[in-house]
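Chemist: What would the 3D arrangement of this be:
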Amino acid sequence: MRKYSFGKWSCFSIIIVFFCTALPAQNIVEYFGKEKINDVQEGKVAFTFKKGLVLSTGRSSLNSVSFPTDVVFKNFLMTHKTVSEGEVAYIDPSGNAQKWTSVQVNDKSTFETPALRGGYMYLTYRSDDEKVVLFEASGHTKALINGFPHEGDHYDFGYSLIPIKLKRGTNVFVLKGGRFPRIRARLITPRAPIIFTKRDMTLPDLLIEESIAYKGAVRIINATENWIRNYKIRAYHDGKDMVSKAMTLPPMSVRKVPFDIPVVWKDSKLGKSQLGLELQNSRDIVMDSQEIDIDIKSKYGKHKRTFISKIDGSVQYFSVAPSSVKDLKNGALFLSVHGASVEAVNQANAYKQKDWGHIVAPTNRRPFGFAWEDWGRLDALEVLAEGKRIYDPDPTTIYLTGHSMGGHGTWYLGATYPDKFAAIAPCAGYPDLLGYRDSFVKRALKASPEQLKNWGITEEALKKMAEKPQLTDMDHMIKRAGNPSRTLKLRRNYLQQGVYILHGEKDNVVPTFIAREMREELGKFHNDFTYYEYPGGTHWYGDHSMDWPPIFDLFKQRTIKHDSLIDKMEFYTASPGVSAQSRFVTIYQQQKPFEISAVNFSKEEGLTITTENVQAMAITVDQIAKENDTLVLDGGSFAIPQKGEIFFDKSNGSWQFSEKPSLKKKGPHRNGGFKDAFTNNVVFVYATQGDKTENRWYYNKALSDAEAFYYRANGSVELVPDKDFNPKEYSDQNVVVYGNNNNNAAWKKLLKNAPVQVGDGKVMLGGREVRGEQWGLYFIVPRPDSDTASVGVVTATGKEGMKAIYPNHYLLNGTTFPDLLLFNNGTMQYGTDAVKCAGFFGNDWSFKNGDFQWQ
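Modeler: Modelled structure (predicted):
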């Protein structure tokens, strides 16, 4: 039996597991505003799994790195493998044989054992014939069903419903455990082939003072082997109705689709009301109907609003605590970001309404979401824009605050967009996600033997915690893609804002020493911040844990200064695609991609700018230049006009006046890395031109990614077969291509001239050839028929490479993916040691001028 490695990051993962299971205060994030769904309305429970096998790994399922090892799933992928009790699954790094052991459900029909935290569950069901059922499971992060991956129900909400066709004989379900020590699994016979499910609807509150049509979203289950096209949703309420075209649904899938809700009567009674939904086919035959509870409220009280996201066309909601002054004009706007597991509704409800401004609370796409990074960051920006559109605030009185994970979001968003907020107030927050995770190590190393015993941390585990991972050049290249999230590298951006830090004196969820460290750090350079430790305060000590009057007192005394009043300014960014502009300075391109770029401006002794890691930039001089002014840029003098935007380029080693950079090149509109493909109303196009195994795999891979984006991001992504893809029908939208040049017909339409070419058994990277069927690739390039859209590619050179691309950690926050990664299926066993090439294309999107690491 081979001894498997869990990679250089495994000790880090163990740390997270120990602390999440041990600290009593952590249960604040288990459920806060969410009740698990237990009732089945989609049909009848045909089978409840009551016996199974469990495998303990001692590993976390948080997947905090881009290529976490997974030797267990590797052995089940695309196979009919079965196991039995007592069978050895693998030999761990300490030389111990890890075996499958039996387990049974408790009186709640739930498997519950500590081994499920980050472990695995093996279930089987023997079917006498082929039939379609819904697989409903909760508490797991991923499922392999007869060798093919599907998304899990990480947060144990009971949302997961996966249509599957059982094969005759033994069907194998392998589930990966997550943060909870429990898993429930059932098979449901659907009441009809095509139905609504009321689980996880997104609904607004209907507001009697507003004559607007509303957007809602409901999931449709397609438990057939056919496409659903040209279906409609009719919504009716209080004598009015609206009909919406339903999005297409692939075979054997579930999709959350938008629908329109009619305007509410002005004299409607406040409170609960009934909204009717009908699902109609192309011949107007009603396939299903549901009655839904919806709230009618006043816009002057706390309420929910919805909007269509530009990320994927899905319906998202945000919550509002409007000003206590009716129809306040030119007031302030407070963006408040919530903590882990907290619903945006509860975030807004924790505040008293303010007489001088409106509070808007985005969702982060989910109560856990993305820690306000990646798609959580974009959600915050979309809600900020919606808040500005609806309430038309004074543009100089925009503020940012949040609690716990939202405290992190405050530090992060404030550092990333320093000119958007007059002041920020992180409450019980941590500045950097990786730094927060490292805080668990600090606590363990300082803990008493009794504490370590209570936490279940052995002496051997403590030694592993103390070890520093030995990072290779490849590791550093991959980690570089995460620099936009390294908040402390951007800390001097806080100079553009006032800061109020609020933290409980005895917080053991986000340890108080993290706030003290930030106080010390700000004290080195910042002269406008306030620090307060609430005496005796834990992580949450009541609504005043964030609705703290001194915070709003500080806010009221701060405004965003007019550009003409700025004498000095520093601006830092790790990617123009994330944050390119602060006030009158825009960074278009970097010399070294995803390293920190800096612009330091001063007009104390004439206009002076110094830069670091900037290739192309622009300056809007209207408010900073005088007649016959001269700009000194990195020591060179330039006569500049009084008005307009001027551009500079450093291509030849020194700054020169230039034209605005071409949209065909990298810039704020399109800069990579790979995760950036999953935005801009993205559509997934999967291969159908390969053999039966390839076609099934790429369809399932695209479907699995769509399931993941739904669950993790409340998303709704359209799947399109390559043969049906018409670029004109999806103009200026991002496209993710699943497959290679030989099996995906869309390749020639979108990637014919790409710097990377992938076919069966071969990869060409800028003229360099790599052969073999074991290679998988992720990369992003510009869409050739668009100035703004990108093409992401999930591809492989053969069946072994297809196994390598099975994970979708690129849809998790905290993971880092450059423009391109080439790797083999050894990543599931050896992590980044199996990555052959990673890096960034040049500013011209070429491989030749890029920055790549080979190993």
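Chemist: So, low pLDDT: which residues of this structure?
Modeler: Using pLDDT under 70 as the threshold, the predicted model of the chain has low-confidence ranges 1-34, 58-64.
Chemist: What segments of the stretch 401-550 of the chain are helices?
Modeler: Taking DSSP state H, counting those that start in this stretch as the criterion, the stretch 401-550 of the chain contains helices spanning 405-416, 433-446, 449-455, 459-466, 473-480, 512-523, 549-556.
Chemist: mind checking how far the shortest one is from the chain centre?
Modeler: What it means is helix 449-455. 34 Å (C-alpha atoms, centre = their mean, to the nearest Å).
Chemist: Tell me which of the helices of the stretch 401-550 of the chain sits most buried.
Modeler: Neighbour counts (mean count of other C-beta atoms under 10 Å) averaged over each of those peak at helix 405-416, with a mean of 28. (Glycine included, C-beta is placed from N, CA and C.)
Chemist: Helices of the stretch 251-400 of the chain, start to end?
Modeler: All helices of the stretch 251-400 of the chain, identified by DSSP H, counting those that start in this stretch, fall at 344-349, 375-391.
Chemist: of all these, which lies closest to Thr416?
Modeler: Ranking the helices of the stretch 251-400 of the chain by their distance to Thr416 (criterion: C-beta to C-beta) puts helix 375-391 first, at 7.1 Å.
Chemist: Next secondary structure after the longest helix along the chain?
Modeler: Looking across the chain with DSSP state H, the single longest helix is helix 692-713. Along the chain past helix 692-713, the next helix or strand (assigned with DSSP states H and E) turns out to be strand 718-721.
Chemist: Okay, now the sheet partners of the helix or strand that that next one is followed by, with direction.
Modeler: Reading on from strand 718-721 to the C-terminus, the next helix or strand found by DSSP H and E is strand 735-738. Within its sheet, and counting by DSSP bridges, strand 735-738 is paired with strand 683-686 (parallel), strand 790-796 (parallel).
Chemist: Just tell me which of the helices of the stretch 251-400 of the chain ends up closest to Asn726.
Modeler: helix 375-391 (26.9 Å).
Chemist: May I see the helices of the stretch 251-400 of the chain organised as CSV, with mean neighbour count and distance to Met477 added?
Modeler: Converted to CSV, these look like this (neighbours: other C-beta atoms under 10 Å; distance: least, C-beta to C-beta, whole Å):
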stretch, mean neighbour count, distance to Met477
helix 344-349, 21, 37
helix 375-391, 20, 23
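Chemist: mind checking how far Arg305 is from Thr202?
Modeler: As for Arg305, its distance to Thr202 is 11 Å (criterion: C-beta to C-beta, to the nearest Å).
Chemist: Now for these two: what residues contact both?
Modeler: Between them, Arg305 and Thr202 share the neighbouring residues Tyr317, with contact defined by C-beta atoms under 8 Å, 6 or more residues apart in numbering.
Chemist: a markdown table for the helices of the stretch 251-400 of the chain, including distance to Asp724?
Modeler: What follows is these, written out as a markdown table (distance: least, C-beta to C-beta, whole Å):
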| stretch | distance to Asp724 |
| --- | --- |
| helix 344-349 | 37 |
| helix 375-391 | 27 |
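Chemist: nearest to Val133, of the ones you listed?
Modeler: Closest to Val133 of the helices of the stretch 251-400 of the chain is helix 375-391 (C-beta to C-beta; 31.4 Å).
Chemist: Packing partners of the closest one?
Modeler: Applying 3 or more C-beta pairs under 8 Å, 6 or more residues apart in numbering; DSSP states H and E, one finds that helix 375-391 makes contact with strand 303-308, strand 315-321, strand 332-337, strand 357-361, helix 405-416.
Chemist: which residues sit in contact with the residue of the chain positioned farthest from its centre?
Modeler: With distances taken from the mean C-alpha point of the chain and given as C-alpha atoms, centre = their mean, the most distant residue is Asn628, at 48.1 Å. Taking C-beta under 8 Å, 6+ apart, we find Asn628 in contact with Ala639.
Chemist: Could you check how far it is from Gly606?
Modeler: Using C-beta to C-beta, one obtains 12 Å as the distance from Asn628 to Gly606.
Chemist: same check, this time on Lys506
Modeler: When distance is defined by C-beta to C-beta, Lys506 is 52 Å away from Gly606.
Chemist: Compare these two (neighbour count), which wins?
Modeler: Neighbour comparison, Lys506 and Gly606: the larger count goes to Lys506, with 16 against 12 (by other C-beta atoms under 10 Å).
Chemist: Quick one: residues contacting that one.
Modeler: Taking C-beta under 8 Å, 6+ apart, we find Lys506 in contact with 512, 536-538.
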